[in-house]
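1. 3D, please:
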Amino acid sequence: MRWLAVAALVVLSIARPSVARAQDISCDRAGAKEVRALRFEGNTTFSDDVLSTIVLTTASSFTRRHFRWLFNIGTARCLPEDGLGDDQELLKTFYKNNGFYQTKVEGTVTPVPSDQVDVTFHVTEGAPLRLDSVLITGLDSVPDSAAIVRDLPIGKGRPVGVLLVLTAVDTISLRLRNAGYPRAEVFQVFTANAAKQSASVELQVVTGARARIGTIAVTRGGPSPERAPEIDSAVVLRLLGFRSGDWYSDRALADARRNLYSLGTYRHVGIELDSAQQASDTLATIQVDVREDYVRQIQSEQGWAQLDCFRLEATYTDKNFLNLAQRLDVTGRVSKLGFGAPTDWGPLCRRHDLIPDSLASSKLNYYAGATVRQPGLFGSAWVPAYSAYTERRGQYKSYLRTTFVGLDVSATRNIAQTTPFRLGYALEFGQTLAEPAFLCAVFTACTAAEQAAIQRRLPFGVARMSLQQSRVDNPVEPRSGYIVGGELRGSSNVIGSAQSLEFFKITGEGSLYRPLAARATVALRIQGGLIGGTNLPPPQERLYAGGAASVRGFQQNLLGPLVYLVDSAETTVIKMPDGTVALVSTDTTTALRTIPTGGNRLVVFNAELRIRDPFIPNLLEYVPFVDAGEVFTSEAGNIVNLNLNRLSVTPGLGLRYFSPIGPIQANAGYNPAKIRAGPAYFTPLRSNGTAPLVCVTAPGAPLAPAKVDKNGAIIGSVTSDCPASFVPKGSSGFFSRFVFTLSIGTDF
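-> Presented below is the predicted three-dimensional model:
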């Protein structure tokens, strides 16, 4: 109903629609003057964008104004045939309806070369009317009547206009209908004294009888005339969320419509008060009309992603599982097809950036599971879901997680229209494999026995809680609004997890979007994370940064602490007096593989300007950006001070293409930072097939001794303490500092 006030404003603002809107602004008529620019001066209460929607005069399109000398493209718009008189009256009427009775508007036309003009409206707003008195009657019999009139947009001494009065009328009417008065009406008298710049308002409320919900009549229909509906009326009644005997509420009816639509089971949902209802009736009859969609379907998806190569997914859905309107989804998914064994198809997917990633990307990833979602838990607003699954997934260059059997229970409810709150618990029996150098550098597990102990199959129970609020105008390409959210995750032996896997983790994210011009939007985002507990977090729970959806001056996960694997041929062997040897890197030593270790503290900032192409704005967008971030690490149980001076800052430029499958974005990020130092290891292959880790130190660092066999072959390090001082040789050229990433979907 709030939109009724807006509609009324439009009607009142456009006082002469038959005259003003009938004018011709095309440039086909003789003597027409093209409008090159439209400006407003003196307006402080309302922006130029708002006022431009009120007047008929409109500037020619961007391409027409700036490129017509090169290409004869774009839309030309000219002065109205009767001049600016009607536009001036429209602006004054608009201001008057907002309480500005003394507003003056003067339009000027400035000729420019050729047949073009600039139009400027000079606005003198004047002072608005202020409310001298407001009287609201008719609420004596309403319980908690103070809540009905609380925080109204009008009040004594405040600016007032017709729009604010209509908004107050709408607010009171809506609150009464949500409090059990389905036929409530509010009559208003608005008296303005332009000379004294004051006004008075009288609102007379006619509530009608307070009503409870009586009969709920359900009418059902199938997906086609030939097919009967499958979901029983009793199930529909249970899903509504209200029942006979409850006080009537417009909000309850709207929530029921939204909840039924959200099931995906119905293509039409109508829930309305019976039109024959009288103002004196104390029982409200509700008409429910639902038309089912097809309740069983099979969907499949195929695609390609930068780190997944080819991927396939198929889902079977039954929207009336067990005849209770429960939703059953059976899903199968495979990724890294063409790269991960046993589907290595050679050069088709073998790219240079994935070849060194033998652990996480060389295995086929998969998921197979079934999920049952119940419409409501015991008639409440909670929507539970139960899942059983098995999967294998890898974090690029970091770990490979295999869940042999997993069970998940979760419940979701909307605490506001766009604010879902989720609680969940998952119990998995699985195994996490990580690079030996990762385990040695992070967990000081450098021998085969120590690494096998960490990577053994263990139960892993995780409880989680998340909340997200989304207030954006477009979920795919927002121009205004914000998104905030956060998640808490924890694991303990109390909830079924192995003691060595206990941790506590909190992550959060916030995004803000603001339009700067008709085709330019600024987007900002901040991300943060913190992991606590007496143990170091397991590899799959550590925090990582870098990549297309993070800091774009780094490749995926490569922002933060790193471990390197090197070739012994690029090192110098130094013999120690005790018979051991030490491997020391040289200025030419490169890294065969770079392994991110992640951390337990994370901060990421993103800022970008999204500019639509002036010629093909529906296809291309240019995205200059600046990203900053860092991954910090500390010993288990210790809190590290976040030194924001250590943040890595990477500017860059992105190009976004709006394809039929969604936005595809290519980024070029410039990374001015030096290559990060870290521990380095060499893995000699023994005759028995094992490959121990041998620390490689940088010149000037404390030497890490390694044992040799009787033949002089290196067989393993003496200590697990390897200094983080190695810096691999890299190119220092300007262009080598650019990092290129590709993503499908907006980065945030």
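
2. how many neighbours does residue 341 have?
-> 9 (other C-beta atoms under 10 Å). Using the backbone N, CA and C atoms, a C-beta is placed for each residue, glycine as well.

3. wait, doesn't it sit right on residue 361?
-> No. In this structure, residue 341 is not within contact of residue 361 by C-beta atoms under 8 Å, at 10.1 Å.

4. quick one, what contacts residue 414?
-> 381, 420, 421 (C-beta atoms under 8 Å, 6 or more residues apart in numbering).

5. which one of the residues you listed is nearest to residue 66?
-> Of all the contacts of residue 414, residue 66 sits closest to residue 420, with 44.2 Å by C-beta to C-beta.

6. next secondary structure after the strand or helix carrying that closest one?
-> In this structure, residue 420 sits in strand 419-434 according to DSSP states H and E. Next helix or strand after strand 419-434 toward the C-terminus (DSSP H and E): helix 436-443.

7. and the average pLDDT for that following helix is what?
-> The average pLDDT within helix 436-443 is 84.

8. please enumerate residues in contact with that helix?
-> 398-399, 445-446, 450-451, 454-455, 536, 539, 561, 563-565, 595, 597, 678-679, 681, 683, 691, 693, 720, 722, 724.

9. out of the residues you listed, list just those in strands.
-> Among the contacts of helix 436-443, the members falling in strands (DSSP state E) are 399, 563, 564, 565, 595, 681.

10. isn't the first one right up against residue 541?
-> No. Contact between residue 399 and residue 541 fails when scored by C-beta under 8 Å: they sit 10.0 Å apart.

11. quick one: residue 482 is in a strand?
-> Yes. Looking at residue 482 with DSSP: H, G, I helix; E, B strand; the rest coil, it is inside a strand.

12. that one and residue 282, how far apart?
-> 44 Å (C-beta to C-beta, to the nearest Å).

13. of all the contacts of residue 414, which comes closest to residue 610?
-> residue 420 (26.2 Å).

14. okay, now the closest one: neighbour count?
-> With other C-beta under 10 Å as criterion, residue 420 counts 17.

15. kindly report the same for residue 140.
-> 8.

16. that one sits in which helix or strand?
-> Judged by DSSP H and E, residue 140 forms part of no helix or strand.

17. roughly how far does the spatially closest residue to residue 198 that is not a sequence neighbour sit from residue 191?
-> Leaving out its chain neighbours, the residue that sits closest to residue 198 by C-beta to C-beta, 6 or more residues apart in numbering is residue 132, at 4.6 Å. The gap separating residue 132 from residue 191 is 9 Å, by C-beta to C-beta.

18. what of residue 604?
-> Residue 604 is 57 Å from residue 191, by C-beta to C-beta.

19. okay, these two: which has more neighbours?
-> Each of residue 604 and residue 191 has its neighbours counted (other C-beta under 10 Å); residue 604 has more, 25 against 11.

20. what sits against that one?
-> 525, 526, 527, 528, 545, 550, 551, 627, 628, 629.

21. so which strand or helix has the third one?
-> It refers to residue 527. Going by DSSP H and E, residue 527 is in strand 520-532.

22. name the residues that touch that strand?
-> Here strand 520-532 has contacts from 478-480, 503-516, 537, 541-543, 550, 600-612, 629, 637, 639, 748, using C-beta under 8 Å, 6+ apart.
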